[in-house]
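>>> no FASTA, just this:
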């Protein structure tokens with residue numbers, strides 16, 4: 001029984017570590033893209049693909065700009 005409890009605690013610790021890493025990667029991606037780096041450049045710096053950067057730090061939508069242009 002103690003082994004099962006220990007395994008559950010280790011699994012919980014691993015999940016918490018992953019969440020911490022994901023939050024750090026998200027902050028880094030948003031910071032780099034916010035500084036004007038292309039998603040591909042940010043990806044190279046962080047060791048991930050530009051697609052992953054797009055998931056973590058999506059570019060601002062142009063939908064509002066298109067709607068304003070049509071309305072004008």
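Thanks, I have the structure now. The shown structure was predicted, so the numbers you read here are calculated from the model rather than taken from an experiment. Residues are numbered from 1 along each chain as shown.
>>> what element comes up after the host helix or strand of residue 22 heading to the C-terminus?
Counting by DSSP states H and E, the element that carries residue 22 is helix 2-34. Sequence-wise, the next helix or strand downstream of helix 2-34 (DSSP H and E) is helix 39-46.
>>> average pLDDT for that following helix?
For helix 39-46, the mean pLDDT works out to 97.
>>> Show me which residues of it are buried.
By neighbour count on 16 or more other Cβ atoms under 10 Å, the buried set for helix 39-46 is 39, 42-43, 46. C-betas here are computed from N, CA, C, even on glycine.
>>> ditto for stretch 22-37
Buried, per 16+ other Cβ under 10 Å, within stretch 22-37: 25, 28-29, 32-33, 37.
>>> wait, what's in contact with the closest residue to residue 45 other than its chain neighbours?
Sequence neighbours aside, residue 32 is the residue nearest to residue 45 in space, at 6.3 Å (criterion: Cβ to Cβ, 6 or more residues apart in numbering). By Cβ atoms under 8 Å, 6 or more residues apart in numbering, residue 32 lies in contact with 41-42, 45-46, 53, 57.
>>> Sweet, I'm off.
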